[in-house]
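Chemist: Sequence first, then the predicted structure, then my questions.
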Amino acid sequence: MADIDIRIDGKIGRITLNRPKALNALTYDMIRAIENTLDTWANDDRVALILIDAIGDKAFCAGGDIQEMYATASAGNFEYGRQFWRDEYRMNAKLANFPKPYIALMQGFTMGGGVGVSCHGSHRVVCENSQIAMPECGIGLVPDVGGSMLLAQAPGRLGEYLGATGTRMKAGDAIYCGFADYYIPREKWAELTTRLVETGDHTQVDAMAQTPPESGLQAQQQQIDNAFGGETVNDILNGFDDSAWCATAAEALGRGCPLSVATAIALVHRVRGFTSIEQVLKQEFRFTYRSASDGDFVEGIRAAIIDKDRNPKWKIPTLRDVRDIDVTKMLMPLGEHELKLEENRMIIGFIGLGNMGGPMARNLVGAGHKVVGFDVTGVTIQGVAPAATAALAATGADLVITMLPNGEILRSVADEVIPAMKSGACLIDCSTVDVESARAVADQASAAGLLAVDAPVSGGIGGAEAGTLTFMAGGSAAAFAVAEPMFDIMGQKSVHCGDSGAGQAAKICNNMILGATMIVTCEAFALADKLGLDRQKMFDVVSTSSGYSWSMNAYCPAPGVGPTSPSDNDYKPGFAAALMLKDLNLAQQAAESADAATPLGQHARDMYEAFVEDGQGNMDFSAMLPYLAKKTHET
Ligand code: NAD
């Protein structure tokens, strides 16, 4: 018998995994066969539902077959693995969207790739010996096959815990965590199968389900939530107390590949806001695509499966050594190599190709969209078709994105592009502007039969280049739904803040905090200098202490300290001080009209005004450090 047995049996389609000696691990051919079957049976009236099961007691499916991946990747050929994952993930997405009931019987181990062919189904059945896990971090991968989505949807912080430690879920746990739905003892499965074959009626599963055993993980929920609430793995480790439970959790974290564990946490956080499996698979693919070339996948397999010495030499040896930038690099967009699951090429007009707009447009091209760009400077961006005017860039576009210096320019560009846009298209303004301009442009767009979103961003040029911006959006739910897939390409998070103008309101509040924290961070460095405290030492302390902030940790204003930032490039912007002053002015304007007290915001505004008047408006806003360093206590 072949590795996989696919047939129509009575009223149902049946897929049986048949590699029990290999714990039914999925080969490339099995994956392709399952995908073809899903395509065929979706429209085959003879098939009322699909039942997937597996031969043997030990495992439903222990994962993907990684022998061939190891052989090719260790010889420097990374394309085999990438193609394997591309095709596997496409199959996972088809399974998750399958239009008929999909029933999976999961005895013994269901892990990694096994989760991908079962847990996205509509009826997931476990029994007394079921053990489900996403243990990929142990071999230098991250939870994939859409598993990070299931983890993200698990209660509380269980997703972070299960994904980073690879902990196995028993039947009751799997149901509690959302990886399974029904508990039916194994001895009843033959009868269940017969009933399904005879009736084609999925409610037979409900009829035979029994009360599941209690979940041990549910009992630990509080501890897990307390211990795994941190933003990064180092936050999590820092928060561990000296209990035996935390010691065991730390040990489990320490067993995985450090880069994978840190990324798994970030991945679960990132996909928690996603609404479709396609978005999730694209994020996972960014890591798996790089896992052999830039990560530890080859070494992970060698230590666990080939040599079985359980002594991997990870590129980043401990969790404490993993920096945020290491994780970011593994999850950065892949440009033309991004996972493409569907043909949904959009035509996008992009207006304002400056420090932010340029790389944002490039990422949209990388994701397969056609981008037509315009900037008054005539600057061109690789892959972006240049247009002679803003109106021409907008003509025929499904979406028009603007990334402009201020509200006045936005209003004049809107006057030009709105009449040129086709009915039903969406105007997305990502510039930081005043709330009134955002609302006026949205009203104008809506009067012309267009959708509109104000979606200013946070994350700076680094975020624009890496595709890790945060978008704060205002507009109707329909407009946000159209814009969201673009935010997923250009960023890692988008928040629908409310109606038109709400995105700008959020941005203004955020940047008031940023302006003030940057000034105080610069002040602290200037003070440290005068106290004879080494800048690097101060960074080492503050970046992991209560004074930490984005200004310190991600955009350190001191050259040569922390991750690369504009301070390392002679304070070339980055984010120009004049733009920061603009944002602080917007915040004060808003505070005045809303009658809100913002004394520190006002003071930050005054300081940036003095800085700009000093002729430094075109310097990065972090150049406040050399400016302050020259001053004395009196001045
Ligand atoms: P930028 O000055 O580098 O880019 C703006 C671009 O718009 C320029 O290339 C300019 O030539 C072009 N432009 C001006 N008028 C135009 C017109 N009428 N038609 C077409 N193009 C025109 O500025 P940036 O740093 O890319 O910032 C853009 C927006 O993003 C601003 O609103 C800023 O506040 C916001 N922002 C910037 C950062 C950052 O770190 N740079 C971060 C978050 C938000």
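Modeler: Yep, it's here.
Chemist: who touches the residue of the chain found nearest the ligand in this structure?
Modeler: Relative to the ligand, the nearest point of the chain is residue 354 (1.9 Å; C-beta to the nearest ligand atom). Using the backbone N, CA and C atoms, a C-beta is placed for each residue, glycine as well. Residues in contact with residue 354, defined by C-beta atoms under 8 Å, 6 or more residues apart in numbering, are 375, 379, 403, 405.
Chemist: Now do the helices in the stretch 1-150 of the chain.
Modeler: 28-41, 67-74, 79-96, 113-116, 147-153 (DSSP state H, counting those that start in this stretch).
Chemist: how about CSV for those helices, with distance to residue 465 and mean neighbour count added?
Modeler: Shown next, in CSV, are those (distance: least, C-beta to C-beta, whole Å; neighbours: other C-beta atoms under 10 Å):
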stretch, distance to residue 465, mean neighbour count
helix 28-41, 34, 18
helix 67-74, 28, 17
helix 79-96, 23, 21
helix 113-116, 31, 28
helix 147-153, 24, 25
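Chemist: Test my guess that residue 37 contacts residue 6.
Modeler: Yes. If you go by C-beta atoms under 8 Å, residue 37 and residue 6 touch, sitting 5.3 Å apart.
Chemist: Are there residues contacting both of the two? Which ones?
Modeler: 13, 15.
Chemist: chain center to the top strand by length along the chain: distance?
Modeler: Using DSSP state E to assign secondary structure, the strand with the most residues in the chain is strand 491-498. Its chain's C-alpha centre and that of strand 491-498 lie 12 Å apart, by C-alpha atoms, centre = their mean, to the nearest Å.
Chemist: Parallel or antiparallel, which strands does it pair with?
Modeler: Strand pairing for strand 491-498, using DSSP bridges, gives strand 469-474 (parallel).
Chemist: which residues sit against the strand it pairs with?
Modeler: Under C-beta under 8 Å, 6+ apart, the answer for strand 469-474 is 360, 430, 438, 442, 453-459, 463, 480, 483, 487, 490-507, 510.
Chemist: of those residues, buried ones?
Modeler: Among the contacts of strand 469-474, those buried by neighbour count (16 or more other C-beta atoms under 10 Å) are 360, 430, 438, 442, 453-459, 463, 480, 483, 487, 490-497, 500-507, 510.
Chemist: among those residues, which are in reach of the ligand?
Modeler: The subset of the buried ones among the contacts of strand 469-474 lying close to the ligand, counting by C-beta under 6 Å from any ligand atom, consists of residue 457.
Chemist: Mind checking which of the buried ones among the contacts of strand 469-474 land in strands?
Modeler: Per DSSP E, those map to strands at 453, 454, 457, 458, 491, 492, 493, 494, 495, 496, 497.
Chemist: From the rest of the structure, what touches stretch 491-498?
Modeler: 270, 273, 331, 455, 457, 459, 463, 467-475, 477, 480, 483-484, 487-488, 503, 505-506.
Chemist: at 7 Å instead, please
Modeler: Applying C-beta atoms under 7 Å, 6 or more residues apart in numbering, the contact partners of stretch 491-498 are 270, 273, 457, 459, 467-474, 480, 484, 487, 503, 506.
Chemist: With stretch 585-592 instead?
Modeler: 434, 435, 508, 511, 512, 598, 601, 602, 605.
Chemist: Phi first, then psi, for the spatially closest residue to the first one that is not a sequence neighbour.
Modeler: Looking back up the chat, that one is residue 434. Counting by C-beta to C-beta, 6 or more residues apart in numbering, residue 434 lies nearest to residue 407, which is 4.7 Å off, once chain neighbours are set aside. Note on residue 407: backbone dihedrals following degrees, to the nearest 10 are phi -70, psi -40.
Chemist: Hmm, residue 407 is touching residue 433, no?
Modeler: Yes. Residue 407 lies in contact with residue 433 (C-beta atoms under 7 Å); the separation is 3.6 Å.
Chemist: where does the nearest residue to residue 48 once chain neighbours are set aside land on pLDDT?
Modeler: Excluding the flanking residues, the one nearest residue 48 by C-beta to C-beta, 6+ apart is residue 200, at 3.2 Å. pLDDT for residue 200: 97.
Chemist: where does the spatially most central residue of the chain fall, phi/psi-wise?
Modeler: The centre of the chain sits closest to residue 270, judged by C-alpha atoms, centre = their mean, with a distance of 3.6 Å. Backbone dihedrals for residue 270, given as degrees, to the nearest 10, come out at phi -70, psi -40.
Chemist: try the one 3 residues further on
Modeler: Residue 273 adopts backbone torsions of phi -90, psi 0, taken as degrees, to the nearest 10.
Chemist: Can you give me every residue that contacts it?
Modeler: Counted by C-beta under 7 Å, 6+ apart, residue 273 has contacts residue 493.
Chemist: picking up where we left off before, out of the contacts of residue 354, which are close to the ligand?
Modeler: Among the contacts of residue 354, the ligand is touched by 375, 403, 405 when using C-beta under 6 Å from any ligand atom.
Chemist: quick check, distance from stretch 213-226 to the centre of its chain.
Modeler: Relative to its parent chain, stretch 213-226 has a centroid offset of 26 Å by C-alpha atoms, centre = their mean.
Chemist: any low-confidence regions in the stretch 1-150 of the chain?
Modeler: Counting by pLDDT under 70, the ranges of the stretch 1-150 of the chain that qualify are 1.
Chemist: Residue 313 contacts residue 299, doesn't it?
Modeler: Yes. The criterion here is C-beta under 7 Å, and residue 313 meets it with residue 299 at 6.1 Å.
Chemist: Between the two, which is the more surrounded one?
Modeler: Shown here are residue 313 and residue 299; by other C-beta atoms under 10 Å, residue 299 has more neighbours (18 against 9).
Chemist: which residues touch residue 303?
Modeler: 309, 310, 311, 312.
Chemist: Identify the bridge partners of residue 124.
Modeler: The partner residues for residue 124, given DSSP bridges, come to residue 104.
Chemist: Relative to residue 131, how far out is it?
Modeler: Counting by C-beta to C-beta, to the nearest Å, the separation of residue 124 from residue 131 is 14 Å.
Chemist: which residues of the stretch 401-550 of the chain fall in helices?
Modeler: Under DSSP H, counting those that start in this stretch, the stretch 401-550 of the chain gives helices at 407-417, 435-447, 460-466, 477-490, 502-530, 535-542, 550-553.
Chemist: How many neighbouring residues does residue 606 have?
Modeler: The burial count for residue 606: 13, using other C-beta under 10 Å.
Chemist: Correction: the previous question concerned residue 298.
Modeler: 23.
Chemist: That one belongs to a helix?
Modeler: Yes. Residue state for residue 298 (DSSP: H, G, I helix; E, B strand; the rest coil) corresponds to a helix.
Chemist: mind putting the helices of the stretch 401-550 of the chain in CSV, mean pLDDT and distance to residue 589 included?
Modeler: Formatted as CSV, the helices of the stretch 401-550 of the chain follow (pLDDT from 0 to 100; distance: least, C-beta to C-beta, whole Å):
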stretch, mean pLDDT, distance to residue 589
helix 407-417, 97, 10
helix 435-447, 95, 9
helix 460-466, 91, 23
helix 477-490, 90, 25
helix 502-530, 97, 9
helix 535-542, 96, 32
helix 550-553, 95, 23
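Chemist: can the ones you listed go into a markdown table with extra columns for distance to residue 210?
Modeler: Shown next, in a markdown table, are those (distance: least, C-beta to C-beta, whole Å):
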| stretch | distance to residue 210 |
| --- | --- |
| helix 407-417 | 61 |
| helix 435-447 | 54 |
| helix 460-466 | 49 |
| helix 477-490 | 40 |
| helix 502-530 | 48 |
| helix 535-542 | 56 |
| helix 550-553 | 51 |
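Chemist: who wins for neighbours among the ones next to the ligand among the contacts of residue 354?
Modeler: residue 403 (25 neighbours).
Chemist: Close to the ligand: what parts of the stretch 351-500 of the chain are there?
Modeler: 351-357, 374-377, 390, 403-405, 409, 413, 431-432, 457, 460-461.
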